[in-house]
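**Student:** need a 3D model of the following:
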Amino acid sequence: MRLLLAIIFPPLVFFTIWRPIQGIFCALLWLTVIGWPVAAIWAVYSLSQYRNDELRREMDYDRARYGRYDRYSRY
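**Tutor:** Predicted structure coming up:
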């Protein structure tokens, strides 16, 4: 859903991933006819980076909780 939103209405995606300053800049870029494709590409890229960061945080949490790097092991 967010991917479709990133293509159709790019500034709104930045507000859904808690980046309001980038959303304002994207809205200014989106208002120009030439800047709309650039804004859409930027929104899709930022959305993919946000998803990667979420997955990385989740994996780090799982590794710290269940991984081999616990506080009782030496190696």
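**Student:** what sits up against stretch 49-58?
**Tutor:** Applying C-beta atoms under 8 Å, 6 or more residues apart in numbering, the contact partners of stretch 49-58 are I17. Quick note: C-beta positions are derived from backbone N, CA and C, even for glycine.
**Student:** what of stretch 1-19?
**Tutor:** 20, 22-24, 26-27, 30, 36, 39-40, 42-44, 46-47, 50.
**Student:** out of the residues you listed, which end up buried?
**Tutor:** Neighbour counting by 16 or more other C-beta atoms under 10 Å classes 22-23, 26-27, 30, 39-40, 42-44, 46-47, 50 among the contacts of stretch 1-19 as buried.
**Student:** reformat the residues you listed as a markdown table; add distance to R2, secondary structure and pLDDT.
**Tutor:** Formatted as a markdown table, the buried ones among the contacts of stretch 1-19 follow (distance: C-beta to C-beta, whole Å; DSSP: H, G, I helix; E, B strand; the rest coil; pLDDT from 0 to 100):
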| residue | distance to R2 | secondary structure | pLDDT |
| --- | --- | --- | --- |
| Q22 | 15 | helix | 92 |
| G23 | 13 | helix | 93 |
| C26 | 14 | helix | 91 |
| A27 | 17 | helix | 92 |
| W30 | 16 | helix | 88 |
| A39 | 15 | helix | 92 |
| A40 | 13 | helix | 91 |
| W42 | 14 | helix | 90 |
| A43 | 9 | helix | 92 |
| V44 | 9 | helix | 93 |
| S46 | 10 | helix | 93 |
| L47 | 6 | helix | 92 |
| Y50 | 9 | helix | 92 |
